[in-house]
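**Q** predicted model and sequence follow; I will ask about them next.
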Amino acid sequence: MRASLIQIAVDPDESVEARRVRAASLVVAQRRADLVVLPELWPVGAFAYTAFEAEAEPLEGPTHEAMAKAAAEAGVWLHAGSFVERADDGTLYNTSLVFSPDGERTAAYRKIHRFGFDQGEAVMMGAGEELVTVALPDTTLGLATCYDLRFPEQFRGLVDAGAETLVVAAGWPERRRSHWTLLAQARAVENQAYVLAVGTAGTHGDIQQAGHSIVVDPWGEVLAQAGADEEVLTVDLDPDKVRATRDQFPALKDRRLGLTSPL
Ligand SMILES: NC(=O)CCC(=O)C(=O)O
């Protein structure tokens, strides 16, 4: 199974519409891949908080339309990264979309853990409430977005729901790049799953992006890592490796659930 991670550059001097057109053509160029993945909030920029309101779209808005078309034209499974969704009640969400090779939407995932503590996304957006997995012919994807990477219980929930390939769409800052690499490897090792983590390049909201998208195998080995600039990272995955790792080193079976504290 070939996966291509598109580490697109997000800079304020390019319009959202121009970037949408460019992202679609980058997807269409990945015709030889089975799965293509874009990062978090690439239309507007994950830290471009002041643009969230103006650039919010309905679920089936222009980003949905462009990405459905690109998936069908390339004939690939497409995790289209996330965009700012405006729900019918007006609430904004950081929402990821997945399309099948015929351009049908198969999943929408609203980011569960909002970043910013008492500001930015954490106060401007609603929180997703549902774990989302997507069954592909060769593997099951478990979806997560950026800050979610810091919450292992979300990933365990995805694994319990059948996930074998954990996809993290992010807009991770350069300042915490060491956490990005470490956490991607940790989520792979503890869940005995592939981790495909794709970030953005460029600078938005004055936050320099780390790039360094990364693919980690179920044993925790880094199969490939991008640099800081715009880049497409292409990797061949062996879905049987998840089953083999879980059979040969069955740590997931030794979980002790329901422990209580005497305090
Ligand atoms: N967009 C995000 O969720 C940023 C997360 C981040 O910067 C961090 O966890 O560190």
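**A** Perfect, thanks for sending it.

**Q** only C-alpha atoms from now on, for both contacts and neighbour counts.
**A** Fine.

**Q** near the ligand, which residues of the stretch 1-150 of the chain?
**A** Near the ligand, the residues belonging to the stretch 1-150 of the chain are 46, 115, 146, 147 when assessed by CA under 6 Å from any ligand atom.

**Q** isn't the second one right up against residue 125?
**A** No: shown here, residue 115 and residue 125 do not form a contact pair, counting by CA atoms under 8 Å, at 9.7 Å.

**Q** for burial, what's the neighbour tally of the one residue in the stretch 51-200 of the chain that gets nearest to the ligand?
**A** Taking CA to the nearest ligand atom, the ligand has its nearest neighbour within the stretch 51-200 of the chain at residue 147, 3.7 Å off. Residue 147 sits with 19 neighbouring residues when counted by other CA atoms under 10 Å.

**Q** what is the burial count for residue 165?
**A** The criterion is other CA under 10 Å. On that basis, residue 165 has 28 neighbouring residues.

**Q** check the gap between it and residue 249 for me.
**A** Shown here: residue 165 relative to residue 249, a distance of 18 Å by CA to CA, to the nearest Å.

**Q** where do the helices sit along the stretch 1-150 of the chain?
**A** Taking DSSP state H, counting those that start in this stretch, the helices of the stretch 1-150 of the chain run over residues 16-28, 52-55, 62-74, 121-124.

**Q** check contacts around the residue minimising distance to the centre of the chain.
**A** Centroid-nearest residue in the chain, with CA atoms, centre = their mean: residue 169, separated by 2.1 Å. Listed by CA atoms under 8 Å, 6 or more residues apart in numbering, the contact set of residue 169 reads 37, 38, 39, 40, 81, 82, 144, 145, 146, 197, 198, 199.

**Q** just these now: which is nearest residue 155?
**A** Ranking the contacts of residue 169 by separation from residue 155, with CA to CA as the measure, puts residue 144 on top at 8.0 Å.

**Q** give the burial count for the nearest residue to the closest one once chain neighbours are set aside, as a bare number.
**A** Counting by CA to CA, 6 or more residues apart in numbering, residue 168 is the residue found nearest to residue 144 once chain neighbours are left out, at 4.8 Å. By the measure other CA under 10 Å, the count of residues near residue 168 is 28.

**Q** before we move on, what about residue 198?
**A** Look at residue 198: counted by other CA under 10 Å, it has 33 neighbours.

**Q** how about it: what's its closest non-neighbour residue?
**A** Sequence neighbours aside, residue 213 is the residue nearest to residue 198 in space, at 4.4 Å (criterion: CA to CA, 6+ apart).

**Q** same question, residue 20
**A** Across the structure, with CA to CA, 6+ apart as the measure, the residue nearest residue 20 apart from its sequence neighbours is residue 43 (6.3 Å).

**Q** what residues are up against that neighbour?
**A** Going by CA under 8 Å, 6+ apart, residue 43 touches 10, 16, 17, 19, 20, 63, 83.

**Q** I'd guessed the first one sits against residue 47; true?
**A** No: in this structure residue 10 lies outside contact range of residue 47 using CA under 8 Å: 10.3 Å.

**Q** what's the overlap in contacts for those two?
**A** Residues touching both residue 10 and residue 47 by CA under 8 Å, 6+ apart: residue 204.

**Q** okay, now residue 102: neighbour count?
**A** Residue 102 is flanked by 16 other residues according to other CA under 10 Å.

**Q** check contacts around the residue nearest to it when sequence neighbours are not counted.
**A** Beyond its immediate neighbours in the sequence, the residue positioned closest to residue 102 (CA to CA, 6+ apart) is residue 72, lying 4.6 Å away. Contacts for residue 72 were tallied using CA under 8 Å, 6+ apart; they are 100, 101, 102, 103.

**Q** most surrounded residue in those residues?
**A** Result: residue 103 is most packed of the contacts of residue 72 (other CA under 10 Å), 23 neighbours.

**Q** coming back round to it: can you turn the buried part of the contacts of residue 43 into a PyMOL selection?
**A** Here is the PyMOL command that selects the buried residues among these (16 or more other CA atoms under 10 Å):
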select buried, resi 10+16+19+20+63+83
